[in-house]
Structures are given as structure tokens and as C-alpha cells.
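Visitor: below is the sequence, then the predicted model.
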Amino acid sequence: MLDGDSLVYIANSQLRSFEGGQVFPPERLFPVQVLRLSLR
């Protein structure tokens with residue numbers, strides 16, 4: 001997502017955090033990290 005002169009993005013979307021059609025239990029997941037990258 002663009003926010004002014006920055007790109008804001010989810011650094012660890014955990015898109016592969018599932019098996020057998022089920023999401024991993026919470027203890028196997030990591031806190032979500034949202035980062036900002038200056039585009040200047």
C-alpha cells in the first residue's frame with residue numbers, strides 16, 4: 001500500500017503457514033510485521 005512517499009507492506013505474511021488445509025496453531029505462527037519503506 002502506498003502512503004505518501006512510502007510503501008507499507010506485510011513483511012511476513014505467513015502464506016505457507018498451513019498444512020492439510022488447516023492453518024498452523026497459534027504457537028507455530030509469528031507476530032505480523034508491518035514495515036515502511038521510503039520511496040524517496
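Guide: On my side now, so go ahead.
Visitor: so after the least confident helix or strand in the chain by mean pLDDT, what's the next helix or strand?
Guide: Sorted by mean pLDDT, DSSP states H and E, the helices and strands of the chain end with strand 18-19, the least confident at a mean of 90. Once the chain leaves strand 18-19, the next helix or strand it forms, by DSSP states H and E, is strand 22-23.
Visitor: the least confident helix or strand of the chain pairs with which strands?
Guide: With DSSP bridges as the test, strand 18-19 is paired with strand 22-23 (antiparallel).
Visitor: need the next SSE after the strand it pairs with, C-terminal direction.
Guide: Going down the chain from strand 22-23, the next helix or strand is strand 34-38, by DSSP H and E.
Visitor: return the distance of that following strand from the chain's centre.
Guide: 11 Å (Cα atoms, centre = their mean, to the nearest Å).
Visitor: OK, contacts around Ser38?
Guide: Asp5, Ser6 (Cβ atoms under 8 Å, 6 or more residues apart in numbering). In this view, the C-beta of every residue, glycine as well, is placed from N, C-alpha and C.
Visitor: separation between it and Asp5?
Guide: Per Cβ to Cβ, to the nearest Å, Ser38 is found 6 Å from Asp5.
Visitor: before we move on, the earlier item: which other residues reach the least confident helix or strand of the chain?
Guide: Contact with strand 18-19 is made by Phe24, as judged by Cβ under 8 Å, 6+ apart.
Visitor: next one: that strand to chain centre, how far?
Guide: 17 Å.
Visitor: how about stretch 9-24?
Guide: Relative to the mean C-alpha coordinate of its chain, stretch 9-24 is positioned 9 Å out (Cα atoms, centre = their mean).
Visitor: ditto for stretch 6-20
Guide: With Cα atoms, centre = their mean, you get 4 Å for stretch 6-20.
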